[in-house]
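Chemist: Structure, please.
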Amino acid sequence: MSALSKHWLSFPNIDAPSAHDRSKKVRYGVSEDFVQRNFEMGRCSPIFQLWAHVFGELPPIKSINRSEIGPRSPTLTTLADCIACFRGGVRPRYYDEEEGDSLLVYVLNPSATVVYERTLTNMITGASVPSGACLTVHVRPAKSLQNNDEAVQGMITRLEFIRSEGAKPPLPRGYSTRYSKEFWRDS
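Modeler: Presented below is the predicted three-dimensional model:
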């Protein structure tokens, strides 16, 4: 399927390293609620960042002029490029859970991202990710989903740039207490 035969608000499923065994693959979908909510609020940057940092490509929009993204070209990554995976977000009320015990958090370290900035010739521009920040991709595992498609083992529900700590690779600040379990990470 060519890039322009896709619709920028409709995401395919994506393979990612398993939280339990990094050498194995799992398949995730993208939450339609995440996409629809951001689109309805006019927040296209998270949708564009999902394309760039989870799917490894610029959004498939015909009017995007790839040569005019600006001086900072975005870092294109996929979940296969993640540098760590954690479980549980010590955050209240994650769907029907007290503290998000099932939440999976994948960590990526793009140096540049894309943001929605409509001009006469383009819809996106490249932007540097601040030093001291990393990108977290939140996944709700399928066991907590209703009407689960067996091929899809979880849904991506959020992307979030957060403060990081450490030099190489930078991880979310306070990761040892921020999450209930560390599955794996690059050292």
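
Chemist: from here on, contacts and neighbour counts on C-alpha atoms
Modeler: Fine.

Chemist: Am I right that residue 117 is in contact with residue 70?
Modeler: No: judged on CA atoms under 8 Å, residue 117 makes no contact with residue 70 at a distance of 10.9 Å.

Chemist: which residues do these two both contact?
Modeler: With contacts defined as CA atoms under 8 Å, 6 or more residues apart in numbering, the residues adjacent to both residue 117 and residue 70 are residue 125.

Chemist: Between the two ends of stretch 37-50, what distance do you get?
Modeler: Using CA to CA, to the nearest Å, the end-to-end distance of stretch 37-50 comes to 14 Å.

Chemist: quick one: that stretch to chain centroid distance?
Modeler: Relative to the centre of its chain, stretch 37-50 is centred 12 Å away, using CA atoms, centre = their mean, to the nearest Å.

Chemist: same question, stretch 70-89
Modeler: When C-alpha coordinates are averaged (CA atoms, centre = their mean), stretch 70-89 and its chain have centres 7 Å apart.

Chemist: From one end of it to the other, what's the distance?
Modeler: By CA to CA, the extent of stretch 70-89 from end to end equals 35 Å.

Chemist: i'd like the first residue to be 36 from this point on
Modeler: Taking 36 as the first residue, the last one we looked at is stretch 105-124.

Chemist: what comes up buried for that stretch?
Modeler: The neighbour-count check on stretch 105-124 (16 or more other CA atoms under 10 Å) flags 108-124 as buried.

Chemist: And the helices in the protein?
Modeler: In the chain, helices defined by DSSP state H lie at 67-75, 80-88, 210-213, listed in chain order.

Chemist: Thanks a lot, catch you later.
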